[in-house]
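> with the input below, show me the fold.
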Amino acid sequence: MRLRSGIIINTVEKTELDTELKALLEKAPAKFILLTDVSGQVITACGSQNQFDLISLGSILAGGLSASQEVARMLGDDQEYQIILHEGSKANTFMSNAGPDFALLVQLDTSVPLGWARVLILETAKKVGGLHMSHADDDDQADTKEDQQKLSDFKNANDLTDKIGDSLDSLWNG
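You can find the predicted model right below:
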């Protein structure tokens, strides 16, 4: 799937992301988890999600993290991975970036120790960011190989005029 931010997530990567989030859902234990890209577009969610407008929540999550990152940058305390905690009366909500491309929201019951949750969420955020970076590298290498093959084919053409003529003939002849 191609996201508004230009990020591409293939089926294998989506499955791996879902696996990581489901593992966090069980370990923490979490009530709800949402993963978006940095523009707020929903990538995946798990847990009790029927009670939320995921599109609005994703946009607000992305905006909140972006604002927090800018405040940290202005104060000279920018970090690669940040976690924002909202302590509520019924649930605690953690918001974190997950690499440069994703935002992660995790809602937990108030009975879950905050330190334990923080460790698990940070670990998952790093895994999610790493998964995407490894898949992005694979995609870049595939694109590069394809481009190199096209360039090689072009350079190996004995006569450019024949190549153009053949291409035009194939267009006209179907």
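> which residues touch the residue nearest the centre of the chain?
When the chain is reduced to its mean C-alpha position, the closest residue under C-alpha atoms, centre = their mean turns out to be residue 102, at 4.0 Å. Residues in contact with residue 102 (C-beta atoms under 8 Å, 6 or more residues apart in numbering) are 35, 36, 37, 38, 43, 125, 128, 129, 132. Any C-beta I mention is one placed from the backbone N, CA and C, and that applies to glycine too.
> okay if I get those as CSV plus secondary structure, pLDDT and neighbour count?
Shown next, in CSV, are these (DSSP: H, G, I helix; E, B strand; the rest coil; pLDDT from 0 to 100; neighbours: other C-beta atoms under 10 Å):
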residue, secondary structure, pLDDT, neighbour count
35, strand, 96, 24
36, strand, 95, 28
37, strand, 93, 21
38, coil, 91, 21
43, strand, 94, 25
125, helix, 95, 26
128, helix, 94, 24
129, helix, 91, 20
132, helix, 80, 23
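> what is the nearest of those to residue 14?
Using C-beta to C-beta, residue 43 comes nearest to residue 14 of the contacts of residue 102, at 7.6 Å.
> how far away is the spatially closest residue to that closest one that is not a sequence neighbour from residue 25?
Spatial nearest neighbour of residue 43, excluding adjacent residues (C-beta to C-beta, 6 or more residues apart in numbering): residue 35 at 4.7 Å. In this view, residue 35 and residue 25 are 12 Å apart by C-beta to C-beta, to the nearest Å.
> could you do residue 7 as well?
Distance from residue 7 to residue 25, counting by C-beta to C-beta: 23 Å.
> now swap in residue 37 and tell me
The spacing between residue 37 and residue 25, counted by C-beta to C-beta, is 20 Å.
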